[in-house]
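*Asks:* No letters, just coordinates:
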């Protein structure tokens, strides 16, 4: 069992605690409580979430409150640490991703230039075909009849 001294505020919540009566303090200004060893650390850390009932002279631990405990804070820190690790890994991969984007953009620009050249060649070939189709047919003379008949 652990011995604590504390003072309460207007809401009957401890706002200051001590393990022994502070030197020069009047014992009438402090409330004395004995806390089970299992709850010692929790009370030491979360004392301001407890409620003191002066009529019953009881100290009630926080029920369903949002007051963080050491375990909940440690779990939250671990979660944040894991998230930061993931973010760090992502940031480390960023230069490689940027390099891939630049290379992809350069490849796309080269492909666009090649496609433009092919389009120009297609236009030129189409124009040449059109010119050939419009050209008059050449005057081809039929070969002379070279066959002889006997009389």
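*Replies:* Arrived safely, thanks for sending. The structure displayed is predicted, hence computed values, not measured ones.
*Asks:* Packing partners of the longest helix seen in the chain?
*Replies:* Once the chain is assigned using DSSP state H, the helix that runs over the most residues is helix 70-134. If contacts are counted by 3 or more Cβ pairs under 8 Å, 6 or more residues apart in numbering; DSSP states H and E, helix 70-134 sits against helix 37-46. Yep, even glycine has a C-beta here, placed from its N, CA and C like the rest.
*Asks:* what angle sits between the helix it packs on and helix 70-134?
*Replies:* With axes from the mean of the first three to the mean of the last three Cα atoms, to 10 degrees applied, the angle from helix 37-46 to helix 70-134 works out at 60 degrees.
*Asks:* Now helix 37-46: buried residues?
*Replies:* Burial within helix 37-46, assessed by neighbour count using 16 or more other Cβ atoms under 10 Å, is assigned to 42, 43, 46.
*Asks:* doesn't residue 62 make contact with the last one?
*Replies:* Yes: the criterion here is Cβ atoms under 8 Å, and residue 46 meets it with residue 62 at 6.5 Å.
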